[in-house]
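[1] Below are the sequence and a predicted model for it; my questions follow.
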There are 2 protein chains.
Amino acid sequence: MIAFEDLPAGRIIPLGDLVVDREDMLDFARRFDPQPFHLDDEAAKTSIFGGLSASGWYTASLWMRRWVDVILADSTSQGSPGGRELSWLTPVYPGDRLTFEAEVLSARRSKKRPELGLVEFEGRARRDTRLVYRFIATGMFTARDAIPGRDEAER
Amino acid sequence: MIAFEDLPAGRIIPLGDLVVDREDMLDFARRFDPQPFHLDDEAAKTSIFGGLSASGWYTASLWMRRWVDVILADSTSQGSPGGRELSWLTPVYPGDRLTFEAEVLSARRSKKRPELGLVEFEGRARRDTRLVYRFIATGMFTARDAIPGRDEAER
């Protein structure tokens, strides 16, 4: 199980890649971001994006799914209070292969709740070498020495 | 059509409200944020959230949908480069009634592209009087005097 101690500053975590699926992207846009350039090929062609592009929230959600699968699913995660910078740097199109990663920027124990560690990380998505999305956020993780039942399990 | 000039600093824009739908919330979590406290009532009870709670990205996406419906759908929006603060302040639960709004913090013409205006706004979601989500972001909107075909239409 991944705990606070496993996420030191400087750790770079590859989160795999995927090809953006047109139907899945459209489904998200219909539900949450029904702007013409996210829904309609013809309208998108004459838009600033030059073609049907993903909602930025879809790209963020794709990143989150990779982060859950690789890190949070088997971790001491206690959620996130948010982040301080979120950038959509260039449009994402159906068929793009995106590569995801995270880099731990800092890691410290909470003063108020010493059993918790606060991990600040930058999440990133790239198409080839080009950064398309980044988000600097904080995750809260229980420290290994504070996992309930740990003492019993190690006896 | 809503253009840059319609979004001056200080404007507060009510975005309506909704009741968080359990099945829709679970569907989002299954696709993008399958952590136990977003998926499973029993696991959530013993979690930091005390009960099944929404993915923060779901709350953000609900806000976005309201912003699209009230502002972007009939506007000169040219997308967003991102934002500088995103906070999930307290958990959101199924059945919560959330009220959404936006407040324009600043509005200025782009120096590089004078036909565009950059609108910085704070998006918010509340449950009763309690803020549950906020995001300070920038939207790009074409100015009314630069809308293509405007001169012809007014003749």
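    On my side now, so go ahead.
[2] all contacts plus neighbour counts: C-alpha atoms, from now on.
    OK.
[3] what are the ranges of the strands in chain A?
    Assigned strands in chain A, in chain order: A:12-19, A:82-88, A:97-109, A:116-127, A:130-142 (criterion: DSSP state E).
[4] contact partners of the fourth one?
    The one in question is strand A:116-127. Applying C-alpha atoms under 8 Å, 6 or more residues apart in numbering or on different chains, the contact partners of strand A:116-127 are A:4, A:7, A:63, A:96-110, A:131-143.
[5] A:Met140 is in contact with A:Gly79, isn't it?
    Yes: because the distance of 5.8 Å satisfies C-alpha atoms under 8 Å, A:Met140 is recorded as touching A:Gly79.
[6] pLDDT score for A:Ser47?
    Per-residue confidence for A:Ser47 comes out at a pLDDT of 89.
[7] actually A:His38, sorry about that
    Among the per-residue scores, A:His38 holds a pLDDT of 97.
[8] Please convert the strands of chain A to TSV, extending it with mean neighbour count.
    Shown next, in TSV, are the strands of chain A (neighbours: other C-alpha atoms under 10 Å in any protein chain shown):
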stretch	mean neighbour count
strand A:12-19	16
strand A:82-88	20
strand A:97-109	20
strand A:116-127	22
strand A:130-142	21
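[9] Switch the ones you listed over to JSON lines; also include mean pLDDT.
    As requested, those are arranged in JSON lines below (pLDDT from 0 to 100):
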{"stretch": "strand A:12-19", "mean pLDDT": "98"}
{"stretch": "strand A:82-88", "mean pLDDT": "97"}
{"stretch": "strand A:97-109", "mean pLDDT": "98"}
{"stretch": "strand A:116-127", "mean pLDDT": "98"}
{"stretch": "strand A:130-142", "mean pLDDT": "98"}
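[10] Against which helices or strands is the longest helix along chain A packed?
    The longest helix of chain A (DSSP state H) is helix A:56-70. Identification of packing neighbours for helix A:56-70 by 3 or more C-alpha pairs under 8 Å, 6 or more residues apart in numbering or on different chains; DSSP states H and E yields strand A:12-19, helix A:22-32, strand A:116-127, helix B:22-32, helix B:56-70.
[11] Pipe the ones you listed into a markdown table and attach distance to A:Val70 per row.
    What follows is the helices and strands packed on helix A:56-70, written out as a markdown table (distance: least, C-alpha to C-alpha, whole Å):
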| stretch | distance to A:Val70 |
| --- | --- |
| strand A:12-19 | 6 |
| helix A:22-32 | 21 |
| strand A:116-127 | 13 |
| helix B:22-32 | 13 |
| helix B:56-70 | 18 |
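[12] Kindly state which of the ones you listed is positioned closest to B:Gly16.
    When the helices and strands packed on helix A:56-70 are compared for distance to B:Gly16 using C-alpha to C-alpha, the nearest one is helix B:56-70, at 7.2 Å.
[13] tell me the angle that closest one makes with helix A:22-32.
    With axes from the mean of the first three to the mean of the last three C-alpha atoms, to 10 degrees as the criterion, the two stretches helix B:56-70 and helix A:22-32 enclose an angle of 70 degrees.
[14] Name the residues that touch helix B:56-70?
    Outside helix B:56-70, the residues that reach it (C-alpha under 8 Å, 6+ apart) are A:31-35, A:57, A:60-61, B:15-16, B:25, B:28-29, B:88, B:92, B:100, B:123-125, B:133.
[15] Please state the offset of that helix from the chain centre?
    Mean C-alpha position of helix B:56-70 versus that of the full chain (C-alpha atoms, centre = their mean, to the nearest Å) differs by 4 Å.
[16] Just the CA trace of that helix, in PDB.
    Presented in PDB, the C-alpha positions along helix B:56-70 are these (Å, rounded to 0.1, in the frame of the first residue of the first chain):
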ATOM      1  CA  GLY B  56     -14.100  16.700  -6.800                       C
ATOM      2  CA  TRP B  57     -13.900  16.500 -10.600                       C
ATOM      3  CA  TYR B  58     -17.600  15.700 -10.700                       C
ATOM      4  CA  THR B  59     -18.400  18.800  -8.700                       C
ATOM      5  CA  ALA B  60     -16.100  20.800 -11.100                       C
ATOM      6  CA  SER B  61     -17.900  19.300 -14.100                       C
ATOM      7  CA  LEU B  62     -21.400  20.100 -12.600                       C
ATOM      8  CA  TRP B  63     -20.200  23.700 -12.200                       C
ATOM      9  CA  MET B  64     -18.900  23.800 -15.800                       C
ATOM     10  CA  ARG B  65     -22.300  22.500 -17.100                       C
ATOM     11  CA  ARG B  66     -24.100  25.400 -15.400                       C
ATOM     12  CA  TRP B  67     -21.500  27.900 -16.700                       C
ATOM     13  CA  VAL B  68     -22.000  26.600 -20.300                       C
ATOM     14  CA  ASP B  69     -25.800  26.700 -20.000                       C
ATOM     15  CA  VAL B  70     -26.000  30.200 -18.600                       C
END
